[in-house]
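Peer 1: Sequence first, then the predicted structure:
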Number of protein chains: 2
Amino acid sequence: MPDFTDNLRPSQPDGPTTLGRERQQSNIATEELGQYLLGSDGFLERQARILPIIEQEPLFSKEQQQNLSRPERFKLGVARAKLLRRMKDTHKWSYLEYQMAEYLVDDVSPYFLHMEMFITTIREQASEEQQAYWLPLIESWKIIGAYAQTELGHGSNVRGLELEARWDSRTKEFVLHSPTLTASKWWNGSLGRLANHAIVVAQLLLPDPSSLDQYISHGPHPFIVQVRDMKTHQPLNGIVVGDIGPKYGYITMDNAYMLFDQFRIPHTAMLSRYSKVDPKTGTYTKPEQPALIYGSLTYVRSNMVHRARLVLARAATVAVRYSSVRRQFQDRDGDKKGPEMSVLDYPTVQIRILPLLATTFALHYTGLAMQAVYKKARRDIEKGDFRSLAHMHSMSSGLKSLCTILAADGIETCRRAMGGHGFGGGSGLIQVNNDYLSKPTVEGDNWMITQQVAAYVIKRMTAAVKSPDTAGVDETDARFKEFIRNKRRPGSEKQTYDILNSDFHIVKSFELRATAMAYEAYEQRVIKERNWNSLLIQLHKLSRAQSESIIVATFFDALSNDKALSEPIKTVLWDCYRLFALYIFRTNAVSQADLNSLASRVQELMARIRPHAVKLVDSWMIPDYLLDSALGRYDGHVYEDLFNRAHRLNPLNRITFNPNYWEDEIVKGSGHNGRGILSKL
Amino acid sequence: MPDFTDNLRPSQPDGPTTLGRERQQSNIATEELGQYLLGSDGFLERQARILPIIEQEPLFSKEQQQNLSRPERFKLGVARAKLLRRMKDTHKWSYLEYQMAEYLVDDVSPYFLHMEMFITTIREQASEEQQAYWLPLIESWKIIGAYAQTELGHGSNVRGLELEARWDSRTKEFVLHSPTLTASKWWNGSLGRLANHAIVVAQLLLPDPSSLDQYISHGPHPFIVQVRDMKTHQPLNGIVVGDIGPKYGYITMDNAYMLFDQFRIPHTAMLSRYSKVDPKTGTYTKPEQPALIYGSLTYVRSNMVHRARLVLARAATVAVRYSSVRRQFQDRDGDKKGPEMSVLDYPTVQIRILPLLATTFALHYTGLAMQAVYKKARRDIEKGDFRSLAHMHSMSSGLKSLCTILAADGIETCRRAMGGHGFGGGSGLIQVNNDYLSKPTVEGDNWMITQQVAAYVIKRMTAAVKSPDTAGVDETDARFKEFIRNKRRPGSEKQTYDILNSDFHIVKSFELRATAMAYEAYEQRVIKERNWNSLLIQLHKLSRAQSESIIVATFFDALSNDKALSEPIKTVLWDCYRLFALYIFRTNAVSQADLNSLASRVQELMARIRPHAVKLVDSWMIPDYLLDSALGRYDGHVYEDLFNRAHRLNPLNRITFNPNYWEDEIVKGSGHNGRGILSKL
């Protein structure tokens, strides 16, 4: 319905004018930087090709999805996911193209675990016969699978899982049984309403050879289990399974609970690439490398490290664009008649947003490095060489912990830096924030898994201490040995680095700190034999220092070795490197004087990056359709979009309420009282 | 439908057993501590009396509210709010009793602004005649009002508001007009769908006496305006008003947008206790104290400071109870056969939760102090004495900023410390977290308003510098002067305090830091005449240091002066004081040696508080109905409750889905394809 607001425009200078000026004042070539960041594997080309196909499909419109109830939103999620999968067939999309479409639609797919954990586990843990049987069914989506490990009572402590898989030597079957309520599987995505199969991790119980009515647990093992009828989609007899209910995010995911009552599965259900039970004798064959059982976990962790950059880039894009467009107050010491200042010109806004903008690039290089290490380790493992397994496991644990916390906290910091409108649905950050907050917890809690890094590092230091004068077997070993040799020389502990002026010294300083903390932890644990749990806070910090050192060194190496980037991109990225490193370093500074000089250096770097901020976020090339943000629109029509969402799209405004408290009626003229809503409760 | 899960129990030791032991091992008298904290104004007695009345009303059941869409959830919010108001009549509740009922139901009331800002503004800003006319209508809820200040383009910069109220001397009316889209009112609670009246803040435009076709703006002023028809509840002609749509939290609040098209209001609409326009001459009378116009803002800020304690106590209650019940891993260096450890026994869990438990008490004393200062200042102002206004304004700004950030970050830290289940709806923290995240932004953004503290402190320091040798006019002045005198004496800057061993030295150390930062800011701004904006980060830290100093000193004074508390409550509260102060102090430590000794002192204090943790949160007496948390239940039936919510209450489990992607059908057997959902989009 037309009204007088149709003719109103925002006050000047408006968003498009402001963003136009921002883009004019920076000579960064966003196309070049975008290609550099995302061009190598064809990401940008895919995005450009698939975006218009997605945008024209009404089912993928994001306009009303925030107004749906959980059940309706889940139905929409299933409808979209099925359509996406059909489009893969229709358009003959590769898996990468299909993933691009999913990324743009931005629903956590209720089929996510089918392709992420279910198929990966079969590929990594199933025997060749098992793979031959299952992979075609999985790849064609004839069956839908999930991964059921975590239980109501146990997540972190996998060895404490309660679900039992008892070998019945008479029938040659395993009997899955939940002895307690806490043995219920819990959180298992795609399983609550959708999957008909699942990898189920259970304690393998085999008869004790010395006393056959006793059973011995051989620890948790994965089994492939059909859980729902292929025709009726009802749970099979002896299985109770369902969705666990509303959560912070993941509204389109059916995280499951599942219990078994003496449920029998055949011998072939046990994934037997590494561990086996002889069906004739009930004899157990151990895996050569017990850590292999966690292979798919490492895969997911390294994916999280890689994906953190684009999540944070999304929040930074919205925050940088909106805080350029948003103006508030004239300069207190300047022209009182001029336009108000862009809030991004306030140091108190810069200090929240610009270090995060720099972090997007730090995460980028680390993500690439993590992918490379993962791929190489997998190749080695396939060849039977397990030497890189421990390093990869430690690196992926430490970086998963650090990168997901940087991104999760970063999204929220961006949101808050946008003031009131950051709290509104037009920010485009509500769903991504709610969804992403799962990441610090899933696949190994961020505080818990840092112990794995610490244990690895202490082991490496213990080895280095044994022969400090021999050559290092790798970079870490060499650095540890150098540190130990230096400790013998008096005065060498006073070594300091000029982090304000040398980019290389920044790396050395992070490495020295990580190494010194590794040595300290080694001393406490190995020499003084301190209780492990009493050291946990220190070990957490050690892991963080190690991972920070990796990120900083990776960022430095990438820029040092680059020969392709033109100016001023390269200079700005070096400034981002410095800002990222020094901003993190603030928490490590040892004296007030250090802190003061770091603070002014940080403020100086921010002033240098500030003019390029809009173009830097533009370079991440995140399309408006994905941002779904009035505040972060490429064209700057912030206020028109916010108003459109409120005035034209909000369904609540179609309802007239009766405000008189003494009348029972809620919707004006309906005559219906509030108790009508009770039927929905 | 009964099934085999009905007979399953959690593994042992279960929640009730664990919490029973926790309560047995601490000899804190929770009744006594509860009365001490919340007994003074009858809060606990009211809670005990009103809780059963609320719990038995089906409309107040929280079981299904997370499954509703925004429109349905809003309807439920309106229905509950109207019922609550009717119950006030039926039960003859006082306003405090009515507030207790609202607090327990825990919806942000869509009528909240009517009683919080609308009536307060009339009481503070309206003339006596205006009050006589409006207050009976407001108090009886015959009219429903809101407070419309913030606009689409302006929040923090109130002077930048664009809505105009132009005086028409011919008709003796004001003409409200929105010249731009950004002039639209925005965020104004209770106004989107419910209110029929509003306080509207607009630029007062009066004819220029020297040129009558020109207008001069006298800045923003409040007007009382009818916005909707009392019969049809439709917006009056010339007004466009509606709800702005989905937000992060506040799902039951109808935050508004509102624009005016040459909308005429009578001369009596301008609230004229302090500012007046002579209807005959159009002459303007300025308020004696321009700051008075922000009076209701100060009221709301000091309320937020007071309310922070119970919000954080709620999160701490859930986190402490659940992390006692949750067990994960045996002690790595201990008995491998014993039960797994309560996760609250891990230092990495303690360091996240126990300082926040200590913070609840810090917020408690500060909240009381803030209330006392506000009440005294209001009494003075009513008597025409404005001397305490500036201090109250600064204190409420600084503490609003600090206390709401401590509580908001604290809720999220508690949530994350609970691992996976902290992400689930059973945590009971989703709605309170989403709602509370508005607090760091509303009524003055937490980063922005710290400038008001800094400006006040610099002014005080400037005054102290002028006559450092005279007696201080108050505590702050005396402290500032002592600092300035000490600066003259060589060596005195090396003054250090024994914060590890003296509770009083902790206070002195916080005060010295705040004073030194005040002097530094004075030097930069007044002596060196540095640009204000370039100092913003420093000024923000100054404000934080000031507010931290107030909280610590208030905590110390309260415990020092107490004569009522019995042991061991008093000892434990002193430990909480130390933990709170030292935990905050960590970020201020100046050397690595300081940091190390602080870290071990903090760990030692946590070990002392740990045995009392469950009883300390019990003492906040937060009923299960309010917590609405499976994890935080008083009785510890965590896993049974989580399972009940998933298996018996989740409506999604009543829907069977069709998982086959090649079939269009979404709900199995319905034959309806996904596009049916489009009608909801």
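Peer 2: Now that the structure is in, tell me what you want to look at. Numbers count the residues shown, from 1 in each chain, chains lettered A, B, ... in the order given.
Peer 1: Now do the same contact list for residue A:243.
Peer 2: In this structure, residue A:243 makes contact with A:192, A:193, A:254, A:255, A:256, A:257, B:646, B:650, B:652, B:653, judged by C-beta atoms under 8 Å, 6 or more residues apart in numbering or on different chains. Placement of C-beta: from N, CA and C, glycine included.
Peer 1: what about 7 Å?
Peer 2: Shown in contact with residue A:243 (C-beta atoms under 7 Å, 6 or more residues apart in numbering or on different chains): A:192, A:193, A:254, A:255, A:256, B:650, B:652, B:653.
Peer 1: Report how many residues lie close to the first one.
Peer 2: Here the count is done by other C-beta atoms under 10 Å in any protein chain shown, and residue A:192 has 27 residues near it.
Peer 1: tell me the pLDDT at residue A:588?
Peer 2: pLDDT, the model's per-residue confidence, is 64 for residue A:588.
Peer 1: The residue in the stretch 401-550 of chain A that chain B sits nearest to: neighbouring residues, count only.
Peer 2: Evaluated by C-beta to the nearest C-beta, the stretch 401-550 of chain A has residue A:425 as its residue closest to chain B, separated by 3.9 Å. Applying other C-beta under 10 Å, we find 25 other residues in the vicinity of residue A:425.
Peer 1: Please report phi then psi for it.
Peer 2: With angles defined as degrees, to the nearest 10, residue A:425 sits at phi -60, psi -20.
Peer 1: Tell me who's in contact with the closest residue to it other than its chain neighbours.
Peer 2: Nearest residue to residue A:425 in three dimensions, chain neighbours excluded: residue B:246, at 3.9 Å (C-beta to C-beta, 6 or more residues apart in numbering or on different chains). Contacts for residue B:246 were tallied using C-beta under 7 Å, 6+ apart; they are A:66, A:67, A:425, B:70.
Peer 1: if we can go back for a sec, for residue B:613, see how far away the residue of the stretch 401-550 of chain A closest to chain B is.
Peer 2: Residue A:425 sits at a distance of 38 Å from residue B:613 (criterion: C-beta to C-beta, to the nearest Å).
Peer 1: Thought residue A:275 was touching residue A:287, still the case?
Peer 2: Yes. Using C-beta atoms under 7 Å, residue A:287 makes contact with residue A:275 at a distance of 4.9 Å.
Peer 1: between these two, who's got more neighbours?
Peer 2: Comparing residue A:287 with residue A:275 by other C-beta under 10 Å, the one with more neighbours is residue A:275, at 21 against 15.
Peer 1: List the residues that contact that one.
Peer 2: Contacts for residue A:275 (C-beta under 7 Å, 6+ apart) come out as A:221, A:285, A:286, A:287.
Peer 1: quick one: it from chain B, how far?
Peer 2: Taking C-beta to the nearest C-beta, to the nearest Å as the measure, residue A:275 falls 22 Å from chain B.
Peer 1: State the pLDDT value of the residue of the stretch 51-200 of chain A found nearest chain B.
Peer 2: Of the stretch 51-200 of chain A, the residue with the smallest distance to chain B, taken as C-beta to the nearest C-beta, is residue A:79 at 2.6 Å. The predicted local confidence for residue A:79 comes out at a pLDDT of 96.
Peer 1: Could you check how far residue A:672 is from residue A:658?
Peer 2: Look at residue A:672 and residue A:658: by C-beta to C-beta, they are 10 Å apart.
Peer 1: Could I get the buried residue list for the helix or strand residue A:415 falls within?
Peer 2: Assignment of secondary structure by DSSP states H and E places residue A:415 within helix A:389-417. Of the residues in helix A:389-417, those buried under the neighbour-count criterion (16 or more other C-beta atoms under 10 Å in any protein chain shown) are A:389-390, A:392-417.
Peer 1: could you pick out which of those are near chain B?
Peer 2: Near chain B, judged by C-beta under 7 Å from any C-beta of the partner chain, the entries from the buried residues of helix A:389-417 are residue A:416.
Peer 1: Please parse chain A into its domains.
Peer 2: Per automatic domain parsing, the domain ranges recorded for chain A read A:10-61+A:289-442+A:562-649, A:115-287, A:447-560, A:657-681.
Peer 1: These into CSV, with extra columns for distance to residue B:162?
Peer 2: Output for those, formatted as CSV (distance: least, C-beta to C-beta, whole Å):
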stretch, distance to residue B:162
domain A:10-61+A:289-442+A:562-649, 6
domain A:115-287, 37
domain A:447-560, 44
domain A:657-681, 28
